[in-house]
Structures are given as C-alpha cells and as structure tokens.
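> Here's my sequence, what's the structure:
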Amino acid sequence: MIMRIMRVNLNSFLDSTMAFPDKVPYEILFDLWRNWLAQGDWTPLDKWLKNELRQTALSRLNDEPNNNRELGLCMFSAMRYLQLACALEESYKQQKLLNWVEWDKSWSLSDVKKMPVAPFWFWVAQREKNQQAAPKALRDSADRKAWFEKIEQHFSVTEQPEELLLWNGLRPSWLQLLEDRRIASAWTHEQMTDFIELQNIAPPLWLRLQKAWNAEAAKKRLVQDGIHAEIDAQGNLFATGGKHLSSSSAHKEGWVEIQDLASQQIAAAVDAQPGQKLWDACAGAGGKSLAIAARMKNKGAVFATDLHGYKLDEVKRRAKRAEIFNIRTFEWSGDAPLRLPKEVAQQKGFDWVLVDAPCSSSGTWRRNPDARWRFSSEDSQELILLQQQILTNACQAVRELGHLVYATCSWQTSENEAQIEWFLQQHSKFVLVHQLMVGSPTQNADAMFVAVLQRTL
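Predicted coordinates for the structure are as follows:
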C-alpha cells in the first residue's frame, strides 16, 4: 500500500471547537500532565479528568467559563499525539530522521513518563498549530521549532504509509491491520487517508430524536436551551458545543438521546416490527434498545440484558424518560445459553437477537484518543474468544427465520468479518444477509461494524 500524505477535503468534518486552545497557561498543563502520569495506569481519560479538574485545575483558573473544557481539549490533544511527541524528541536529539518502523518496535508507554514535560507539550502544541509562546523552561525553543518545520515538510511529501500513521498519532505497526480494513471495505486510498486523518478530529455529539419530534423542532428547543445544535443534509441532528446537553429541557423531557450516528445505523439494521420479540444481549446503557423499542411503538417486547446490573438501571431510567414501556431488563453473563422467557419460548425463540459485542472499541478513538494506547493484540485475541462465546450462546435463542445481528465499535477485521466467517462455518443454519462498516470515513461519526444473519428452516 502506498499513500501520499495530502490535504484531503475534510472541511465538512472539521469542528473548530476541538482545536488546541492557545490561552491555557503551560504551568497548569504541566501540573495536570504530571498528575495524569503519576496515577500509574492508563485509565479512561474522560473519567479521570472530571474528578481531577473539579479538585485542582479549575480553581487555579479562577473558575472562568469553559476553562475545564479547554484543559480537557489540551489533554485529549496530548493523547492523540503522544507517540509522535516522543518520536519528535528522539529525532531532535539525534538531529536526523529515524527509521520509524524500527523505532516503533521498541517504543512503549513507559517512554512517555521519562520524557521532560516542557518538550512534550511543545511538540504537541506544534503539531496542533498552537500559537502560544513556547514554555519558558525550554531554552532551545527556536531550534526545536526549526526542526519541527523540517520534519513537517518531510511528512508532507513522504510516500511511506507508516509515516502517515505516525504523523496522525497511530502506531506504524498498525499498518497491516488498517490495510486489512481497507481491503475488506473496498476503500480507495483517499478514503483510507481520510480515515487515518479523521482519527484526530473529534466527531460532533449526535442526537437521536424521540417521541415523534422532528429535527427542526428539536433544534429550536436545544438552541433556546443554549445548545449549539445543527442538522446535516440527511436530516440528522447533532450538537457542537454550548451548554451541557443534560441541562436542556429537550433532553430532560425525552425529546432527544445521545447516540452516535454509526450506532443509530446499527439499531436501524435491527428491523424489528411492532408486536415482535427482540433480545439485546449486550445492552449496556441501552442506547440501541431504546432506538429499537421506539420504532416498535410500545408493541411487542425488547429484552435488554447485560453482565452488569447497574447499566440496566440506566436503561430503565432512560426508557421512563422517553415514555417507552416495552423494555424488560435482567442480567445475563454470556457464558451459557439464555433461558427463554415464557412468551418467547412459546414461539420457539426471538424474532431478533442483537449481539453488540464487547470489543477493542478502536472505532471510537476519535472521541477517546487515550484508548488507542490501551490497544494490544493480546487483548484483541481475548476479546475474539469472548465474542465467539457470546455469539454461540446467543444464536440459540433465534427462532426459525428469525435474525441475528452482530455489531462492534471496532474497525478490526478480526473482530468483524473474520468473526462472521467463523460463525457461519460453525452454524450451518444461519446465512449472511449483509455486513458493512458504518460511520467514518464516509460520515463524521465513529466507525462501527454490523452484520445481519438469518436462521433458515
């Protein structure tokens, strides 16, 4: 695969509010970064930030509006270009371009903790084209800036695909995984380049309409509540900033729910009709259960299960707010076939079974860039075995001529097309209806996979 780094047409996808802020004092960023590194592990950044900013950083910025947001944006930028910053520092020290493939093989997250804070943030700011002056502690900032410009020029004309990945915050060693995805999805090289570059542009907050409200009415109410809401060319509603959605009357009254556009398409692939019975096997907080149940118009039944009971409590709360009354919840561990509810057993299985399987979540890296550094082949293999176990146990609950829908929020072919191929080899009574990736790069959303299978007679 040969890809030239080019400026592709991503203007419609850019969210200017996600740029690296140029007014946050470096000393506060330094303290925040040191606290992050000192925790000892790489827990989800968003949850850590909520607690950390509440306790320390915000008070030092005199509690001005949006300061939490700006600090968060800086930290997310650091997560995107974490490895690149290390590469730039090593290249600067040696004053030469490195063999990035070989360098990547020996790089680890522990190297980040060894890197001085001021150079790290200088490189991140340069990559984000931040206009703030260099940290005072950096005596050689002019030389570093000149070196960065030289490296940037090299990356702008390189034909090495590994360098495209590194420049966009992805490990060169992931090239083959991405090439597998390009082939499976029949992407052009331009689409592949788009997909890679989009990994560092956060998508908007997509909203799903409820209670038969139309997009224009919902947008008007959201704007009145201080939410920056827009409607795309296909009539989909999204938010790009303003007040927190939870404070809006449109959300409190159940007009809208947060659900990524790709996730909405997975729910739409489950074509359950009013009166039918559906099982959402790995429901989580119930976003897809709610979307499916709403289309069933409170007729029939949606059974939402999950390993964790506290997630199902959230399903109940959201269903009540949306005035959806055909969802039932109970725990299911996935390690054995489901004992069918009486009314489902009478019809010998569900009409639809959705397995939104636990996965590497690589398709959500645009929103959660820190997750890419928790990504490993070892974890992926464990997840593949778990996915196969869940599929094997869940498929037994599908009635004849019923449908099984398998989905992940991962772009890895090993978690998607390869799993469908494995499943069909193991279960001859099922046939594939269709399978595809949805979302990025053709839509400004996460990247997710969905496959629809049908059980034969």
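
> Please make it C-alpha for all contacts and neighbour counts, starting now.
OK.

> What segments of this protein are strands?
For the chain, applying DSSP state E gives strands covering 205-209, 227-231, 237-242, 256-258, 277-280, 301-306, 327-331, 350-356, 398-408, 430-439, 447-455.

> How about residues contacting stretch 248-267?
Stretch 248-267 is contacted from outside by 205-211, 213, 218, 221-222, 225-227, 245-246, 287-289, 291-292, 321-323, 407, 438-439, 445-450, using Cα atoms under 8 Å, 6 or more residues apart in numbering.

> my guess is Leu45 meets Asp370, correct?
Yes. Assessed by Cα atoms under 8 Å, Leu45 is found in contact with Asp370 at 6.5 Å.

> okay, the two: which has more neighbours?
Counting neighbours by other Cα atoms under 10 Å for Leu45 and for Asp370 shows that Asp370 has the greater number, 23 against 17.

> Contacts only, for Thr408.
For Thr408, the contact set (Cα under 8 Å, 6+ apart) comprises Asp356, Ala357, Pro358, Cys359, Ser361, Glu415, Asn416, Met448, Phe449, Val450.

> For it, which residues count as its bridge partners?
Taking DSSP bridges, one obtains Phe449 as the residues bridged to Thr408.

> Number the residues from 199 up from this point.
I'll keep to 199 as the first residue from here, and by that count the last item is Thr606.

> before we move on, back to that, just send the contacts of Thr606 back as JSON lines, with distance to Phe393 and pLDDT too.
Listed next are the contacts of Thr606 as JSON lines, based on distance: Cα to Cα, whole Å; pLDDT from 0 to 100:
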{"residue": "Asp554", "distance to Phe393": "23", "pLDDT": "98"}
{"residue": "Ala555", "distance to Phe393": "23", "pLDDT": "98"}
{"residue": "Pro556", "distance to Phe393": "23", "pLDDT": "97"}
{"residue": "Cys557", "distance to Phe393": "19", "pLDDT": "97"}
{"residue": "Ser559", "distance to Phe393": "15", "pLDDT": "96"}
{"residue": "Glu613", "distance to Phe393": "18", "pLDDT": "98"}
{"residue": "Asn614", "distance to Phe393": "18", "pLDDT": "98"}
{"residue": "Met646", "distance to Phe393": "13", "pLDDT": "98"}
{"residue": "Phe647", "distance to Phe393": "15", "pLDDT": "98"}
{"residue": "Val648", "distance to Phe393": "18", "pLDDT": "98"}
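
> rewinding a little: buried ones among the contacts of stretch 446-465?
403-408, 416, 419-420, 423, 425, 443, 485-487, 489-490, 520, 605, 636-637, 643-648 (16 or more other Cα atoms under 10 Å).

> so what's the residue nearest the centre of the chain up against?
Central residue of the chain (Cα atoms, centre = their mean): Thr562, 1.3 Å from the mean position. Residues near Thr562 by Cα under 8 Å, 6+ apart: Cys607, Ser608, Asp644, Ala645.

> which of those sit farthest apart?
Taking Cα to Cα, the two most distant members of the contacts of Thr562 are Ser608 and Asp644; they sit 9.1 Å apart.

> Identify the contacts common to these two.
Here Ser608 and Asp644 have Gly561, Thr562 as joint contacts, going by Cα under 8 Å, 6+ apart.

> Pull up the gap between Glu250 and Asp229, please.
Glu250 sits 11 Å away from Asp229, going by Cα to Cα, to the nearest Å.

> circling back: among the strands of the chain, which is nearest Glu287?
Taking Cα to Cα, strand 645-653 is the member of those nearest to Glu287, at 31.5 Å.

> Okay, angle between the closest one and strand 548-554 too, please.
Relative orientation of strand 645-653 versus strand 548-554 (axes from the mean of the first three to the mean of the last three Cα atoms, to 10 degrees): 150 degrees.

> by contact count, what packs against strand 645-653?
Contacts defined by 3 or more Cα pairs under 8 Å, 6 or more residues apart in numbering; DSSP states H and E place strand 645-653 against helix 459-467, strand 596-606, strand 628-637.

> ok now that strand, how far from the chain's centre?
18 Å (Cα atoms, centre = their mean, to the nearest Å).

> Can you give the contact residues for that strand?
Outside strand 645-653, the residues within contact range by Cα under 8 Å, 6+ apart are 460-461, 464, 467, 561-562, 596-609, 614, 618, 627-639.

> remind me which residues of this protein are low pLDDT?
Counting by pLDDT under 70, the chain has low-confidence residues at 199-221, 254-265.

> could you redo the last one with a cut-off of 80?
By pLDDT under 80, the weakly predicted segments of the chain are 199-222, 238, 252-267, 329.

> can you list the domain ranges for it.
What automatic domain parsing lists as the domains of the chain is 209-396, 403-456, 460-653.

> could you list every residue that touches the residue nearest to Ala437 when sequence neighbours are not counted?
Distances taken as Cα to Cα, 6 or more residues apart in numbering place Ala427 nearest to Ala437, at 4.3 Å, with adjacent residues excluded. By Cα under 8 Å, 6+ apart, the residues touching Ala427 are Lys417, Leu420, Val421, Leu435, Phe436, Ala437, Thr438, Gly439.

> likewise Asn412?
Listed by Cα under 8 Å, 6+ apart, Asn412 has no contact partners.

> Now it. Its backbone dihedrals?
In terms of degrees, to the nearest 10, the main-chain angles of Asn412 are phi -90, psi 160.

> and it, how far is that from Asp469?
21 Å.

> ditto for Thr640
From Thr640 across to Asp469, the span is 23 Å (Cα to Cα).

> quick one: which of the contacts of Thr606 is nearest Asn233?
Ser559 (25.7 Å).

> ok so, going back, for the contacts of Ala427, which one is nearest Lys294?
Closest approach to Lys294 among the contacts of Ala427 (Cα to Cα): Thr438, at 40.7 Å.

> The closest one: neighbouring residues, count only.
Here the number of neighbours of Thr438 (other Cα under 10 Å) works out to 17.

> That one reaches Ala400, doesn't it?
No. Contact status for Thr438 versus Ala400: not in contact, 10.1 Å apart, counting by Cα under 8 Å.

> Next one: the residue nearest to the centre of the chain from Leu336, what distance?
Distance of Thr562 to Leu336, given as Cα to Cα: 35 Å.

> again, but for Val322
The spacing between Val322 and Leu336, counted by Cα to Cα, is 14 Å.

> Now do the helices in the stretch 349-498 of the chain.
359-365, 373-383, 387-396, 413-422, 447-450, 459-467, 485-493 (DSSP state H, counting those that start in this stretch).

> Dump those helices to TSV, plus distance to Phe573.
Formatted as TSV, these follow (distance: least, Cα to Cα, whole Å):
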stretch	distance to Phe573
helix 359-365	15
helix 373-383	12
helix 387-396	16
helix 413-422	36
helix 447-450	33
helix 459-467	21
helix 485-493	24
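
> Thanks a lot, see you next time.
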